[in-house]
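Sequence first, then the predicted structure, then my questions.
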Amino acid sequence: MYDAIVIGARCAGAATAMLLARKGHRVLLVDRATFPSDIPHGHLIHRLGPKRLASWGVLERVLATGCPALTTITVDSGDFPLAARDLSADGVPAACGPRRTALDHVLVEAAIEAGAELRAGFSVESLVRDGERVVGIRGGDRRRGTSVTEHATLTIGADGRRSQVARAVGAPAYEEVPALTCWYFSYWADVPGDGLEIYDRHGRAIFAFPTNDDLFAVFVAWPASELEAVRADIERQFLAALDGVPSLGERVRAGRRADRFYGATDLPNFLRKPYGAGWALVGDAGCHKDPFLALGLCDAFRDAELLAKAVDEGASGRRPIEHALAEYERCRNEATLPDYRLNLERARFTPLPPEQRQLRAALRENEQATRQFILTIEGMLPREVFFHPENIGRVMSALGGGAPARV
């Protein structure tokens, strides 16, 4: 009998299993994949994601896979590039972009070291129930024709946006919005670039950053309405989008594409009720959003912490498990909904409001304030410090205005 069975051993599932095992709980972690292995997903970690990895003692291991720390960020919202360097706090970089082969393997190994039991190549066939309560799983290695039943106090679905667990328990969804964008990405060799570059130009969004194996990752988004045209000639459409940022397009064209194009086109936006009788959801299974603000990984880490805390409180008897899991949902929603709604707005390619463009213009020639601004947006400095009316007044004085900016 396990305290928890976690279905899905990628970023959310492995992190949840690791944190629960570190708290002394008996955890079974299962995944139909074997590790290390890749998946065609985005892999930019920012917005307190690196800080959480550091607090768990795994950031250095992630960087040691050959993934560069990203301490330079350039953001171009269609007006001009706004860049800041030396973006780190207490030795933790603002961002990093490890390939999922590297990241997921590090987290799986950390979960095993913490005491979690891993069964890779394991396919879950069904949930096991006692009346309305989920009490475990049935599954096994299909290649060998084996099947076993395992029981647990809590079964956790960390199995992605098409979650088998969510479907089986009928987890209700809310805040639903259909896919707004479609994405394609690939990797190039021999492309110079040492930081994170973000562009929102001409109805296209672009993320570019160095990653493992000395490769340069480039992600491009289009409105979902353009998917058919993009699919008709992915490479031409991709390079045309890069040519909208000449400095980036020239660098990428001078390099060598080292991998095929990957697509991400099934990108619904939703939150799901993340718990019920004997079950819980974490990561994309509980909340999936468009990649526009690249929040998937950092939010998965946050929710893994929130869920592990709730499960530990329930298992220890400090509070009823139903109350602890209800608090998990409340804390998750409080933390994610403002960003979730902002992400929807940006994924519609909505132009920045005038006050934000004014702030960017004021920051353009102010290197120190730009660094503080980006550190604030990344959650590495308190918002109330940078956005204090007196500080905003000083920043805006270069434009002859001092009205607070809303970002």
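Here it is on my side, so go on. Since we're looking at a predicted model, the values are computed, not measured.

and this protein, what are its domains?
2-43+99-177+268-346, 181-264, 354-399 (automatic domain parsing).

Which among these is found nearest to S88?
domain 354-399 (8.1 Å; Cβ to Cβ). For the C-beta atoms, the positions are set from N, CA and C on the backbone; glycine is no exception.

Most tightly packed of the domains of the chain?
When the domains of the chain are scored by mean count of other Cβ atoms under 10 Å, the highest mean neighbour count falls to domain 2-43+99-177+268-346 (a mean of 20).

what about that domain, how long is it end to end?
Using Cα to Cα, to the nearest Å, the end-to-end distance of domain 2-43+99-177+268-346 comes to 42 Å.

just so I know, which of the domains of the chain lies nearest A89?
Per Cβ to Cβ, nearest to A89 of the domains of the chain: domain 354-399, 4.6 Å.

gap between the two ends of that closest one?
OK, domain 354-399 end separation, Cα to Cα: 13 Å.

Next: stretch 274-293.
End-to-end distance of stretch 274-293: 22 Å, with Cα to Cα as the criterion.

thought C287 was touching R332?
Yes - the pair C287 and R332 qualifies as a contact (Cβ atoms under 8 Å) at a distance of 6.9 Å.

Overlap in contacts, those two.
Counting by Cβ atoms under 8 Å, 6 or more residues apart in numbering, the common neighbours of C287 and R332 are 274, 303.

can you list the domains of the chain in JSON lines and add distance to A54?
Putting those into JSON lines (distance: least, Cβ to Cβ, whole Å) gives the following:
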{"stretch": "domain 2-43+99-177+268-346", "distance to A54": "11"}
{"stretch": "domain 181-264", "distance to A54": "18"}
{"stretch": "domain 354-399", "distance to A54": "12"}
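
among these, which is nearest S77?
domain 181-264 (5.1 Å).

State the mean pLDDT of stretch 260-271.
Taken as a whole, stretch 260-271 carries a mean pLDDT of 96.

Also stretch 279-294?
The predicted model assigns stretch 279-294 a mean pLDDT of 98.

for that stretch, how far is the first residue from the last?
Stretch 279-294: ends 27 Å apart by Cα to Cα.

Distance from that stretch to the middle of the chain?
Distance of stretch 279-294 from its chain centroid, counting by Cα atoms, centre = their mean, to the nearest Å, is 8 Å.

Would you tell me what the next helix or strand after the longest helix belonging to the chain is?
Across the chain, the longest stretch assigned as helix under DSSP state H is helix 321-347. Where DSSP states H and E defines the elements, the next helix or strand beyond helix 321-347 is helix 354-363.
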